[in-house]
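Visitor: Just a sequence and a predicted model for now, questions to come.
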Amino acid sequence: MATVHFPSDFAAATGGLDHVVIDAPRVHELMLALAVRFPDIAPRLAAMAVAIDGDIYNDAEFMAVGRTSEIYLVPKIAGG
């Protein structure tokens with residue numbers, strides 16, 4: 001199961017947890033599971049980029065999640 005690491009400003013909404021373990025085949029299902037478990041972070045998840053095993057993706061919805069993946073939620077960076 002993948003380990004999902006939260007940004008520090010999610011602490012109040014996650015009950016102080018800085019990470020959780022989630023079983024999901026893709027980022028889409030992982031985000032749904034997080035939204036169900038932590039409803040207060042659900043609206044903020046769309047504004048997050050996802051780092052999967054060190055590679056950052058702004059649009060990661062259909063990226064595969066490995067059983068031992070390390071997932072970090074990070075704010076998306078706008079460019080222009």
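Guide: Perfect, I can see it now.

Visitor: CA atoms for contacts and neighbours, from now on please.
Guide: Fine.

Visitor: For the residue most central in space within the chain, give me its contacts.
Guide: By CA atoms, centre = their mean, the chain has its centre lying nearest to Leu73, at 4.4 Å. Counting by CA atoms under 8 Å, 6 or more residues apart in numbering, Leu73 touches Val4, His5, Phe6, Pro7, Met48, Ala49, Val50, Ala51.

Visitor: Likewise for Val74?
Guide: Counting by CA under 8 Å, 6+ apart, the residues that Val74 touches are Phe6, Pro7, Met48, Ala49, Val50, Ala51.

Visitor: ranking those by neighbours, who comes first?
Guide: Among the contacts of Val74, Val50 has the most neighbours (other CA atoms under 10 Å), with 24 neighbours.

Visitor: hey, C-alpha coordinates of the strand or helix carrying it in PDB?
Guide: Assigned by DSSP states H and E, Val50 falls within strand 48-52. Extracted C-alpha coordinates of strand 48-52, given in PDB (Å, rounded to 0.1, in the frame of the first residue of the first chain):
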ATOM      1  CA  MET A  48      -2.500  19.800  -5.200                       C
ATOM      2  CA  ALA A  49       0.200  18.400  -7.500                       C
ATOM      3  CA  VAL A  50       1.200  14.800  -6.700                       C
ATOM      4  CA  ALA A  51       4.800  13.600  -6.300                       C
ATOM      5  CA  ILE A  52       5.000   9.800  -7.000                       C
END
